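K.L.:
the following block contains a protein sequence and its predicted model.
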Amino acid sequence: MSHVGPRLRKLRLNAGLTQQELAAPRYSAAYVSTIEASRRIPSKKALEHFARGLGVDAEELASGRSPGARAELLAAYGDARRILASGAADAIEEAETRFGRLARRAKRDGFPEIEAKAWVGVGLCAETASDLDGALSTYEQALALLAGESVVSRVDAIVGRARVLQVMGEVAYAAFLIEQAIAELRDAGMNDPSSLLRLHSSLVAAYSDVGLIDRANSSAEIALGLAVAVDDAERLANMNLNVGIMLTHQGQWREAETRFADAERWFDELHFAVDLARVRLVRGINLRNQQRYDDARPHLEAARDVFASAGNALREARATLHLGILERLTGRAEEARFVLKRAIALSGDDKGIAGIAERELALCHAGHERAKTVAGLRKAIQLLQDAGIAKELAAAYRALGDVLSKDKELKPACDAYRKAADLFERAA
């Protein structure tokens, strides 16, 4: 309200009113004069009186913001978000520019929550470009902007930060951050269905990652129960995707397909091509695991192509990896080798993707090139050990045991099987 005096004077002169005409009948010309000279701050009732006389909104007079400013900024956020999710070649750069511009406008106009929302958008751009460090830093910047604000306004930044930490391997800490936000909502008596759905949906993914099935199921039930009271399409789509992934971990294929179909419908309505590709990737994996290879292929290929167009190398690597596994399982060894080598090239510093791809590449040689198979499996084991992925590492040891046992190398084969069993038990 510090600039209300000059603003009042400008609006009064534009309206062709004297100080006395604006003040009457409740206030004096002298009172108006002291306000315009910034020697006095008007009361709320005085602001409302002057606003009526000037034909403007009281909020606009007090802050200089038009009543539609918030809606305009939110619309700009929605436009930038759709551009990012379009999958176009220059989408990340264009969206990042728009989010940055929006952040500056929101800061100038005094909308800290929209400024933070814009920074969350910048974080999403970094995630889409596989820049996890940049994304984490940006989400933390958004949270700093909202320090002291309600947890409802911080939910997207909290979830973004937790999601990146989860990808970085800090799953327990990611789950803790989300649990902390839920507790904060509860303690403040803020039963906001949309925020709670977003947080529990994220917990489903985190709990599933660390094998806490009961907790994942509990959060899934809460999220599904909240869905009827939520109209945010993006949050509903993400919830269905996360619940679907959880169901695949539990072997509930049909139930997962229902959730994936709902997530696809929501993302399709939003025209979020990249997010739709995320669903198609996990749906393709789900169908492949059911040995529905012909149904899985178009989903995996579509996901790979969208991620490639969007410039998301890590997601492209993951989709390419699973397409390579499909090629191997369907007996197309030459095609599988080509695709798996591409996945390794795209994987960058992700030893998990590279390790699984090396394991599958080794299996392409099984039965006719023993030396390459064993060497490839040992390379995969080293990468998967470094990545700390127990289940995939167990599968590599079991495959090595199979190869060694066929060559009558019983002791090393037994050692490999024993390590596989220990790892499977640990991952269960």
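P.N.:
Yep, it's here. These numbers come from a predicted model, not from an experiment. Numbers count the residues shown, from 1 in each chain.

K.L.:
how about residues contacting stretch 68-84?
P.N.:
91-92, 94-95, 98-99, 101-102, 105-106, 109, 111, 114, 117-118, 121, 124-125, 128, 270-272, 274 (C-beta atoms under 8 Å, 6 or more residues apart in numbering). For glycine as for every other residue, the C-beta is placed from the backbone atoms N, C-alpha and C.

K.L.:
sorry, wrong one. I was asking about stretch 208-222.
P.N.:
Residues outside stretch 208-222 that contact it (C-beta under 8 Å, 6+ apart): 166, 171-172, 175, 196, 200-201, 203-204, 207, 242-243, 245-246, 249-250, 427-428.

K.L.:
which of the residues you listed fall within helices?
P.N.:
Judged by DSSP state H, the contacts of stretch 208-222 include 166, 171-172, 175, 196, 200-201, 203-204, 207, 242-243, 245-246, 249, 427 as members of helices.

K.L.:
and the one helix or strand Ala345 maps to, what does it pack against?
P.N.:
Per DSSP states H and E, Ala345 falls inside helix 333-346. The helices and strands touching helix 333-346, judged by 3 or more C-beta pairs under 8 Å, 6 or more residues apart in numbering; DSSP states H and E, are helix 313-329, helix 351-364.

K.L.:
among the ones in helices among the contacts of stretch 208-222, which ones are buried?
P.N.:
Burial by neighbour count, 16 or more other C-beta atoms under 10 Å: within the ones in helices among the contacts of stretch 208-222 this picks out 166, 171, 175, 196, 200-201, 203-204, 207, 242-243, 245-246.

K.L.:
now the two most distant members of those.
P.N.:
Pairwise distances across these peak at 20.8 Å for Val171 and Leu196 (criterion: C-beta to C-beta).

K.L.:
least trustworthy helix or strand in this protein by mean pLDDT?
P.N.:
Here the helix or strand of the chain ranked lowest by mean pLDDT, DSSP states H and E is helix 58-63, holding a mean of 75.

K.L.:
state the distance from Leu203 to Asp131.
P.N.:
Note on Leu203: its distance to Asp131, by C-beta to C-beta, to the nearest Å, is 25 Å.

K.L.:
where does the stretch 301-428 of the chain have low pLDDT?
P.N.:
Along the stretch 301-428 of the chain, segments meeting pLDDT under 70 span 427-428.

K.L.:
residue ranges of each domain in this protein, please.
P.N.:
Per automatic domain parsing, the structural domains of the chain span 4-63, 350-428.

K.L.:
need those in JSON lines with distance to Ala76, can you?
P.N.:
Formatted as JSON lines, the domains of the chain follow (distance: least, C-beta to C-beta, whole Å):
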{"stretch": "domain 4-63", "distance to Ala76": "19"}
{"stretch": "domain 350-428", "distance to Ala76": "34"}
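
K.L.:
please name the nearest non-neighbouring residue to Thr4.
P.N.:
Let me fix one detail, which is that residue 4 is Val and not Thr. Among residues not flanking Val4 along the chain, Ala62 sits closest, at 6.0 Å (C-beta to C-beta, 6 or more residues apart in numbering).

K.L.:
and what of Asp232?
P.N.:
Looking at Asp232 with C-beta to C-beta, 6+ apart, the closest residue is Ser194, at 5.3 Å.

K.L.:
my read: that neighbour touches Val230, true?
P.N.:
Yes - using C-beta atoms under 8 Å, Ser194 is in contact with Val230, at 4.8 Å.

K.L.:
follow-up on the earlier one: pick the most buried one from the domains of the chain.
P.N.:
Each of these was scored by mean neighbour count; the highest is domain 350-428, a mean of 19, by mean count of other C-beta atoms under 10 Å.

K.L.:
next, count neighbours for Gln252.
P.N.:
A count of nearby residues for Gln252, using other C-beta atoms under 10 Å, gives 14.

K.L.:
for Ala216, see how far away it is.
P.N.:
Applying C-beta to C-beta to Gln252 and Ala216 gives a distance of 12 Å.

K.L.:
one more: Asp232?
P.N.:
Relative to Ala216, and taking C-beta to C-beta, Asp232 is found at 22 Å.

K.L.:
so can I have TSV of the buried ones among the ones in helices among the contacts of stretch 208-222 showing distance to Arg332?
P.N.:
Formatted as TSV, those follow (distance: C-beta to C-beta, whole Å):
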residue	distance to Arg332
Gln166	33
Val171	35
Ala175	39
Leu196	46
His200	41
Ser201	37
Leu203	39
Val204	35
Tyr207	36
Asn242	32
Val243	33
Ile245	27
Met246	31
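
K.L.:
looking at those residues, which is nearest Ser33?
P.N.:
Nearest to Ser33, judged by C-beta to C-beta, of these is Leu196 at 51.7 Å.

K.L.:
what's the nearest residue to that closest one if we skip its chain neighbours?
P.N.:
Leu226 (5.6 Å).

K.L.:
host element of the one you found?
P.N.:
Leu226 belongs to helix 213-226 when elements are defined using DSSP H and E.

K.L.:
that helix: which residues count as buried?
P.N.:
For helix 213-226, the neighbour count (16+ other C-beta under 10 Å) marks 215-217, 219-220, 222-224, 226 as buried.

K.L.:
just to revisit the earlier point, could you point out the helix or strand that follows the least confident helix or strand of the chain?
P.N.:
Assignment by DSSP H and E places the next element after helix 58-63 at helix 69-84.

K.L.:
which of the helices or strands spans the residue nearest to the spatial centre of the chain?
P.N.:
Nearest to the mean C-alpha position of the chain, by C-alpha atoms, centre = their mean, lies Gly160 at 5.7 Å. Using DSSP H and E, Gly160 falls within helix 151-167.
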